[in-house]
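Asks: next comes the sequence, and after it the predicted model I'd like to discuss.
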Amino acid sequence: MSALWYQKTAKEIRDAVHTGEATALDIVNSFIAHREATDGTIGAFTQCWDDEARETARSIDEKRQQGQPLGPLAGVPVSLKESFCTRLGKTTGASRILENFQCPYDGTAVTRLAQADAVFLGKVNMDELAMGSSTESSVLQRTVNPWNHDRVPGGSSGGSAASVAMGCSALSLGSDTGSSIRQPASFSGCVGVKPTYGRISRFGIIGLAPSLDHAGPLTRTVEDAALALNVLCGEDPADSTSSDKPVPDFLQGLSQDIKGLKIGVAEEYMTDEVDEEVRGKITEALDCLSSLGAELVKISLPGTAYDAAAYTVISTAEISATLARLDGVRYGMRDPEARTVQDMYVMSKSAGFGPEVQRRILLGTHFLSGKNIQNCFVKAQQARSLIIREFEEVFTQCDVIAGPTTPSVAFPFGSKSDNPVEMYRCDRFTLGANLATHPALSVPCGMTEAGLPVGLQLQARRYDEETLLRVAFHYEQNRGFDLGFPPIS
Amino acid sequence: MQYEAVIGMEVHVEINCKSKVFCGCPTVFDAPPNSQTCPLCLGMPGGLPVLNRSMVDKSMAVGLALNCRIARETRMDRKNYFYPDLAKNYQISQDDQPLCYDGYLDVDVDGEMKRIGITRAHMEEDTARNSHTVGGGQSGVDFNRSGVALLEIVTEPDIRSAQEAFAYLTALKQLLQYLDVSDCNMEEGSLRAEANISVRPVGSDKFGTKTEVKNVASFSGVQKAIEFEIARQIKVLNDGGTVLQETRGWDADKGVTLSQRLKESAQEYRYFPEPDVPPIVVDDAWIDAIQKSLPELPTARKERFQKEYELSAYDAHVMTLSRAMADYYEAIVKAGADPKKAANWLMVELLALLADAKVEISDSPVSPENLAALIGLIDTNVINGKIAKEVLVEMFKTGAAPAAIVEEKGLGQISDTSALEEAVQAVIEANPQQVADYRAGKDKIFGYFVGQVMKATRGKGNPQLVNEILRRELDS
C-alpha cells in the first residue's frame, strides 16, 4: 500500500499523517520515486528539492512524535510554478532573463503552505513569464500532456497541471491571469481553481498584469482544492489588494446538497465553435447537475464578445509596465557586451525575453502610447466595467454558471505556436472571470474518444467560492467516472 | 521692448515618514549604500507596494495649509520611463488626480503680499541615486533613496521675478517646517526646486517659450539662476533669436545656466492607474482630523505675536521665522519674561551666539526658562545688563542656570551702600585734580567718576546707587 501514496489525495495524505497511519517521509519518498519513474517523459519538474523535501518530511514526523499539533496540509507533497518566489532554489519564471535568479524572500502563498506543514518537492514548468496557453514558450524544457505526449499540457501553469494529473505532486500552486490555472487543468485532467481576486495574496508571485493576476491551487479532487484554499486564502498586509473578507471553512461547505441551486447555461459558451465532443461532455455534465436537483436556467452573456479585446489591451498594458523591471540592472540577465545604458536595456531584453513576451510588451506599450490610451486602454477599461456589470446581472438569475473551460481539448505541439491569435482564442471562456474577478474552476468532465480530458468550467459570485466548490464537489461525486492516472509509458 | 518674466515653480520635497512610501524600509540619510532596501524598493519580481498612510496624512496637511482642495477619491498611477535609478522602471506617482489641487500661498515680497496659485501637490516615490566614477567605466546605484516619500508641489505661472520666486520658496519652506513634514534640507536633497521660466512683452497675455532650470543647491542660487535666465532670454529675443524649449542646469561657480537637454516634444510617460494600489478614498472625517491637527501657521502666528505681545511687525516676523523659534520665544514669555525684553534678548543676544556657533535654536544650550530667569535677574537688580551678557555667554557654554553662574562667579550686583561708599572715597582720593575740576563746575566729568567706580567694582556696582553716592560725596 505504502508504495502507492502518490495515488492518494491531499486530504487522504494529511489524514494519514495526522493519525500516524503513514509517515510524511514515506509519502514524500513515494512521490519522489513516482516522479523519477515518470517525469523524464512528462517534463513537469524544473527543480527537484528531494533532500530538502525529505528533511521537511522528517521534521513533520518528528513534530508528530513529540505530540505537537500538525498543520492542515501535513506531509502533502506540493509543487510550485516557476513564478512563485522562494528563497530555496531559483525563481526563473521559465525565462532566460531570470534564468539564474535567486529570490531573497518567500511569497505569502508559499509561506502559508509551509506553515500548514506542506512539503515542497520542487518547481514546475510554465510558459515564459506566464504568457501562453501551452507551456511551449518556456525556455527551460518541454512539458507534455500526460495523456498524450504529442500534445501540450496547457498553460501557462502546464507543469503544475501535468505534475498533479500524473500523480507527481498532490497539490500544485499555479497562477491565472486569463486562463492559466483552469485551461491546463482542463487539458491535463485535474481540478484548477481561480478564487475571487484578493482572496489569495499576490505578494511573491512574478507579476504579470496585477489587476488580473490570481493565484490558485491545482489538485486531483475538488475536496483537495477546498483544503488548499482554506490554507491559501486570507488578507495579507503585504498585498493591499488582498481582501479582508472572512474566509469560511471551504471543506465544511462541500457536503450540503445542491438542490434548487440555479445553474446558468450561456448560449455564448455553447456555440458551433466549440468542439462537438466537448459540447457533448458539457451537456452530460449539465444533465448530471440537473439530476442532482439543480435547476438549469438559460442566461445570456453577450459581453463575452468583448472579453478578448478588453483582456488583450488591459493585460498587455499592465505587462509592459510590470515587466519593465526585468532590465538586468539589479538582478537577472545583463548582456555583457552592452556599453551604454541604452544598449544594456535593449540587448538584455532582446536576448532575455522570448518572442511571445516581447510581443505582449510591445503591444502593451503601443496601447498606452499617445492617443491609444484613450482609444484603446480607456475603452478597454470601459468594456471591463460593462463585463463586470453583465456578470453581476447574470448572477441575479443564477448561482453558478456552467460551460466548457476551453472550446477544444489539448492540441498538438506547434499547432498554434506560430499563430498567437489562435492561441489566445483558447482562453475565450475563461477571461471573463479574470476581468470580473469572480471565482471560477475547471473540473474534469470526461475523456474524448481520443483519450483527452475535457474540463467543465464553473463560475460563481464574487467571494462565493463555497457555492462554486459545492457544485463542483457534488458533480465530481456523481459524474459516474474516475479519471484515474495516465498510463506510465 | 519691455519684457516681463513668467515663472512657475516645481518643488519636490521628501516627506519625513519613518518608512518609505510603499515599503517598510527606513529613510535615514547617508546610511551605507543599499543598506535600506527590500525586494520592493529594489524592484524585485513579486514585490507589491503598500501605501504608507502617514504619507497621505502629511500630504493632506500640506495641501490644507496651502489652501488646496483635497480629492475625495484619488489613486496612484504608473509613470513609465527607463532609467537605472528607477527600480521598477516606472515611478508610482499621481497623474491627473492629484491628492491636493487649486490652492494658493500668500507670500511677503518686501512687505507687499503676493498670492501665488498652487496648481497641485501630488504624492510619489523618490528614485535611487546614481553615482559615476571619474572618467567613466563604473556606475553605482544606491537604492536607499528609492521609494522615499516625495511630494511634488507645482505653482501656477504667477511668479514675475527672481525675488518673488525666492520669497515663495522661503515661505513654502517655512510652512513645511511649521507642519513638521520635512527637514527641507536642500544640501541633502530633501527639498529640490525647479523653475520654469519664460519672458514675454509687457502687456501680452501669451506665454513665451519656457526653459526649465534644474540642479540648484540653494534658494539664493535659484534666485540668481532665474535672474540670469530672464536676462539671457531677453537678450536672445532682442538679438532677434528664439528661445528654445530646453532643460538648463545652473553652474553656480560660473553663475550661468547651461543647456542640458532639448525638449522638442513632451516626453511620453504612458501613465495608467497603478493596479497594485487600491483607490484612495478620503472622507470628511479624515480631512477634519488633519485640519484639526494643523499647527498655527506662520502668518497667523506672526499676527498674533504683534497683537498679543505688542511686538513690532519686524520683531514678530523674526520671532516666527521658524516654528522652533516661535515656540522658543513663547516659552520664554510663558516662563514669566516681559514679551518685549524676551524678544530683544532672543533676537539680539542669543541668535548671535547661535549663529556664531552654527547651532539651530532647537538645539540651543540655553533653555527658554533659563533665558527668562536671566531677564528676571536684571529686573530684580541682581545683575545689570552688561553682566547679564557675560552670564549668557557662560550659560551658552555650560547650559547652567543664570543664578548659579552669578553666584559661582560672584557676579551679583553690589548694592551694599558701605562697600560702594568705600569705592567712591577711594576714587575721589585718587583723582584730586578731577574732583577740583568738577567742583569748579565741569559737570561733564561726572561720567568719568562713574566709570572709575564701576571699574573698581568690576562692573558690579548698582549703577543707580553709584550715581547717588557719587553726587552726594562730590556735591557735599
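Replies: Received, thanks. Numbering: from 1, shown residues only, chains lettered A, B, ... in the order given.
Asks: from now on I want contacts and neighbour counts done on CA atoms only, so please keep to that.
Replies: Fine.
Asks: ok, residue B:48 - contacts?
Replies: Residue B:48 makes contacts with A:202, A:203, A:238, A:239, A:240, B:40, B:276, as judged by CA atoms under 8 Å, 6 or more residues apart in numbering or on different chains.
Asks: and the second one, that one's in a helix?
Replies: Yep, that's residue A:203 we're talking about. No - when classified by DSSP: H, G, I helix; E, B strand; the rest coil, residue A:203 is found to be coil rather than part of a helix.
Asks: any idea how far the residue most central in space within chain A is from residue A:450?
Replies: Nearest to the mean C-alpha position of chain A, by CA atoms, centre = their mean, lies residue A:181 at 2.1 Å. As for residue A:181, its distance to residue A:450 is 23 Å (criterion: CA to CA, to the nearest Å).
Asks: neighbours of whichever residue of the stretch 101-250 of chain A sits closest to chain B, just the number please.
Replies: The stretch 101-250 of chain A approaches chain B most closely through residue A:204 (4.0 Å), counting by CA to the nearest CA. Counted by other CA atoms under 10 Å in any protein chain shown, the residues lying close to residue A:204 total 26.
Asks: might one say that it is in contact with residue B:49?
Replies: No - with contact defined as CA atoms under 8 Å, residue A:204 does not count as touching residue B:49 (11.7 Å).
Asks: on that earlier part again, the residue of the stretch 101-250 of chain A closest to chain B: what's it in contact with?
Replies: Residues touching residue A:204, when contacts are defined by CA under 8 Å, 6+ apart, comprise A:84, A:85, A:86, A:105, A:106, A:107, A:108, A:109, B:45, B:46, B:47.
Asks: enumerate the residues of the stretch 201-350 of chain A near chain B.
Replies: Neighbours of chain B within the stretch 201-350 of chain A, by CA under 8 Å from any CA of the partner chain: A:202-207, A:210-211, A:237-241, A:321-322, A:324-325, A:329-330, A:341.
Asks: same question, the stretch 51-200 of chain A
Replies: A:85, A:104, A:105, A:107.
Asks: whichever of those residues end up buried, select them in PyMOL.
Replies: Buried residues within these, as defined by 16 or more other CA atoms under 10 Å in any protein chain shown, are selected in PyMOL through the command that follows:
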select buried, chain A and resi 85+105+107
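Asks: could you work out the most separated pair of the residues of the stretch 51-200 of chain A next to chain B?
Replies: Maximum pairwise distance in those, criterion CA to CA, is 10.0 Å, between A:104 and A:107.
Asks: please identify every residue contacting each of those two.
Replies: Taking CA under 8 Å, 6+ apart as the contact rule, the neighbours common to residue A:104 and residue A:107 are residue A:86.
Asks: re earlier: neighbour-wise, which of the contacts of residue B:48 leads?
Replies: Of all the contacts of residue B:48, the highest neighbour tally under other CA under 10 Å goes to residue A:202, namely 29 neighbours.
Asks: would you agree that one is in contact with residue A:235?
Replies: No - in this structure, residue A:202 is not within contact of residue A:235 by CA under 8 Å, at 10.6 Å.
Asks: okay, and the common contacts of these two?
Replies: residue A:242.
Asks: tally of neighbours for residue A:147?
Replies: Residues within reach of residue A:147, counting by other CA under 10 Å, total 25.
Asks: how about the nearest residue to it, chain neighbours excluded?
Replies: Take residue A:147 and drop its neighbours on the chain: the residue closest to it by CA to CA, 6 or more residues apart in numbering or on different chains is residue A:486, 5.4 Å away.
Asks: thank you kindly, that will do.
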